[in-house]
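Student: sequence first, then the predicted structure:
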Amino acid sequence: MTLESLKLFNFKNFEEKHFSFSNKINCLVGNNGKGKTNVLDAIYYLSLTKSYLNYSDQNNVRFGENFFSLEGIFKNQDNQDIIKLLVQTGQKKVLKKNNKSYEKLSEHIGKYPCVMISPYDQNLIAEGSEFRRKFMDNMICQLNPEYLHCLIRYQKVLLQRNALLKLFSVQNTFDAFSLGIYDDELIKNGNTIYKFRIQFIQDFVSVFSKYYSILSNQEESIDIQYISDLHETTFQNLLKENLLKDRNSTYTSKGIHKDDLLFKLFNHPIKKIGSQGQQKSFLISLKLAQLEIIKNYSKKNPILLMDDIFDKLDEKRVEKLLKLVLDENFGQIFLSDTHKDRTESIIQNISSNYSLYNL
Ligand SMILES: Nc1ncnc2c1ncn2[C@@H]1O[C@H](COP(=O)(O)OP(=O)(O)OP(=O)(O)O)[C@@H](O)[C@H]1O
């Protein structure tokens, strides 16, 4: 699967921009603030219907305008699909495949998979559990529509349950029956999500370890531990045991929405003991494992987006990484860098099939 071309209209700093891409390596070069990350994010948008960077679609509309649109032509063997995304101020986001609108954006997820490696990945180590859950969800959602369906349902019911707890508190009432309806839905979807996560992490860790040892060139003991309240008890008990607390705080305090991943080096949190280099190798290994797993499960070659790759690695390591990605035959690559000459000299060493775009 490859992205053959991309058109941007009013997307961030681009008024109108067209690209035709190489099916192997595409390098976006230019000074800071030229829009390299924005192009990568536009590709991410067409794959996953949302930005990698901005929670709000509106932030991606060019200043002073009231819409942005993206159009990409994806090629899959002999098939060619035109994907169009339109975001208009005050209107619902529209996504079309070959001129037919999707009823639900979620139907699109996983059709054109992609993986982003970005300086913002540091959040996965440094920030709260929300970032790691998002990483895990993003991966499993691209592989399994049932997981995505359960996750959407779970998040909706969670909001409804919290709203009901708030209502009880404001009105000084309590209705166990109404709450029980939400609890049942939460438990049903939560248990499915939990099972998927357990299975997934098992598969993921061995692939991840393989990449970490290649990248770090060392035999360092690393691990990823899946943390969940459901390891200890059933979801039913969890809600029962925390009912009083939840009523007081008007918030569902326990459940799979609190799950986390513990990234470990030598059995300690890498956040605390990992050097910068170890943390960077760890983050890239997470993404390469994601790439391999998506490729194996979906039988599609995900697109790899590498933003500001020299932020993470020196030139030798970048070359090694790119060779690795090419050897594994992962698929189309997009990368960005501020230095044209540096990028070109590395790419020329490893492939003749590349395009360079000066922004
Ligand atoms: N909504 C918007 N409308 C117009 N321009 C925007 C909008 N949002 C961001 N920008 C502009 O986009 C540019 C940033 O683009 P981007 O982050 O892609 O740059 P970059 O080339 O990746 O830079 P760096 O090398 O520093 O990472 C900035 O000039 C910023 O002002």
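Tutor: Great, that's in hand. Residues are numbered from 1 along each chain as shown.

Student: okay, now residue 354: neighbour count?
Tutor: 17 (other Cβ atoms under 10 Å). Using the backbone N, CA and C atoms, a C-beta is placed for each residue, glycine as well.

Student: ok, now how distant is it from the ligand?
Tutor: Residue 354 sits 19 Å away from the ligand, taking Cβ to the nearest ligand atom, to the nearest Å as the criterion.

Student: bridging residues for the closest residue to that residue other than its chain neighbours?
Tutor: Excluding the flanking residues, the one nearest residue 354 by Cβ to Cβ, 6 or more residues apart in numbering is residue 25, at 3.9 Å. Judged by DSSP bridges, the bridge partners of residue 25 are residue 333, residue 354.

Student: I figured residue 25 hits residue 347, correct?
Tutor: Yes: between residue 25 and residue 347 a contact is recorded at 6.0 Å, counting by Cβ atoms under 8 Å.

Student: enumerate every residue touching the residue nearest to residue 354.
Tutor: Contacts for residue 25 were tallied using Cβ atoms under 8 Å, 6 or more residues apart in numbering; they are 322, 332, 333, 335, 347, 351, 353, 354, 355.

Student: need those residues in a markdown table with distance to residue 165 and pLDDT, can you?
Tutor: Listed next are the contacts of residue 25 as a markdown table, based on distance: Cβ to Cβ, whole Å; pLDDT from 0 to 100:
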| residue | distance to residue 165 | pLDDT |
| --- | --- | --- |
| 322 | 51 | 84 |
| 332 | 47 | 92 |
| 333 | 47 | 93 |
| 335 | 47 | 93 |
| 347 | 55 | 88 |
| 351 | 56 | 82 |
| 353 | 57 | 84 |
| 354 | 55 | 88 |
| 355 | 54 | 91 |
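
Student: if you rank those by neighbours, which is first?
Tutor: Most surrounded of these: other Cβ under 10 Å gives residue 335, at 27 neighbours.

Student: name the element that residue belongs to?
Tutor: Using DSSP states H and E, residue 335 sits in strand 333-337.

Student: now do that strand: everything it contacts.
Tutor: Contacts of strand 333-337 (Cβ under 8 Å, 6+ apart): 21, 24-29, 36-37, 39-40, 43, 303-310, 322, 325, 343.

Student: and stretch 178-191, by the same measure?
Tutor: With Cβ under 8 Å, 6+ apart as the criterion, stretch 178-191 contacts 150-151, 153-154, 157-158, 160-161, 164-165, 168, 230, 235-236, 239, 252, 255-256.

Student: ok, stretch 113-123 next?
Tutor: So stretch 113-123 is contacted by 1, 37, 40, 43-44, 47-48, 52-53, 131, 142, 279, 283-284, 286-287, 290-291, 294, 298, 300, 302-309, 311-312 (Cβ under 8 Å, 6+ apart).
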